[in-house]
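Q: Curious how this folds, go ahead:
(2 chains)
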Amino acid sequence: NAGVTQTPKFRILKIGQSMTLQCTQDMNHNYMYWYRQDPGMGLKLIYYSVGAGITDKGEVPNGYNVSRSTTEDFPLRLELAAPSQTSVYFCASSRTWGSSTDTQYFGPGTRLTVL
Amino acid sequence: GQQLNQSPQSMFIQEGEDVSMNCTSSSIFNTWLWYKQDPGEGPVLLIALYKAGELTSNGRLTAQFGITRKDSFLNISASIPSDVGIYFCAGPNTGNQFYFGTGTSLTVIP
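A: Residues are numbered from 1 along each chain as shown, chains lettered A, B, ... in the order given. Okay, the predicted model is just below:
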């Protein structure tokens, strides 16, 4: 199993450009998450999904959109990039949510810079 | 919004020393998770706690779920250089929103 994979690993955007961060997991997990991590800070939840076709906002959703058309994929879209979106983005997945066996597995991250 | 505060913010210790760090919340949590993040990598789960008062070990790591359900502690015994990294507490609160703590950066001096 590859686990959770993310592409690209690095990206530089100009203000106002758009891009999609890709995330794929091969563990057949129902739950997937997108986090951002600013320098020296903890992770903040952007969006999450409890299954194909179902998504919900996390703590910091503004400026982002997600979709979940398949169990495996959970892309994150930035429509109008702003410098405040410069961050490292992590995708994660888990089999369950809030149960005694819940563990989130993280991808390697995408480092995004908006200039 | 919800904040999980971790202390200390950073630690510099000698190899072989024991380490203690804690995490506090303004609201009750159902589960406490402790993650370690190496530079340039995603967080990796170390220990999971599911019941108030629970004490769980994973090798040299021991973590406890506070009785009030608003705090948790992580101890590392006999630290080694590969313990270097940032340690995060995390978990879902009673509203099922998932939060990460502010992190404790650990440096181990050989």
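Q: and the least confident helix or strand in chain A by mean pLDDT, what does it pack onto?
A: Of all helical and strand segments in chain A, the minimum by mean pLDDT, DSSP states H and E falls on strand A:105-106, at a mean of 88. Secondary-structure packing of strand A:105-106 (3 or more C-beta pairs under 8 Å, 6 or more residues apart in numbering or on different chains; DSSP states H and E): strand A:87-94. Where you see a C-beta, it was placed from the backbone N, CA and C, and this is true even at glycine.
Q: chain center to the strand it packs on, what's the gap?
A: Mean C-alpha position of strand A:87-94 versus that of the full chain (C-alpha atoms, centre = their mean, to the nearest Å) differs by 4 Å.
Q: partner strands of that strand, parallel or antiparallel?
A: Here strand A:87-94 has these sheet partners by DSSP bridges: strand A:31-37 (antiparallel), strand A:105-106 (antiparallel), strand A:110-114 (antiparallel).
Q: Could you identify which of the ones you listed is most buried?
A: Ranked by mean neighbour count under mean count of other C-beta atoms under 10 Å in any protein chain shown, those are led by strand A:31-37, which reaches a mean of 25.
Q: any idea of the mean pLDDT for it?
A: Across strand A:31-37, pLDDT averages out at 94.
Q: What's the first helix or strand after it?
A: Next along the chain after strand A:31-37, taking DSSP states H and E as the criterion, comes strand A:43-51.
Q: wait, which of the strands paired with strand A:87-94 is closest to residue B:82?
A: Comparing these by their distance to residue B:82 (C-beta to C-beta), the top pick is strand A:105-106, with 18.9 Å.
Q: Quick check: the gap between residue A:96 and residue B:24.
A: 26 Å (C-beta to C-beta, to the nearest Å).
Q: Look through chain B and state the residue closest to chain A.
A: Scanning chain B for the residue nearest chain A gives residue B:42, at 3.1 Å (criterion: C-beta to the nearest C-beta).
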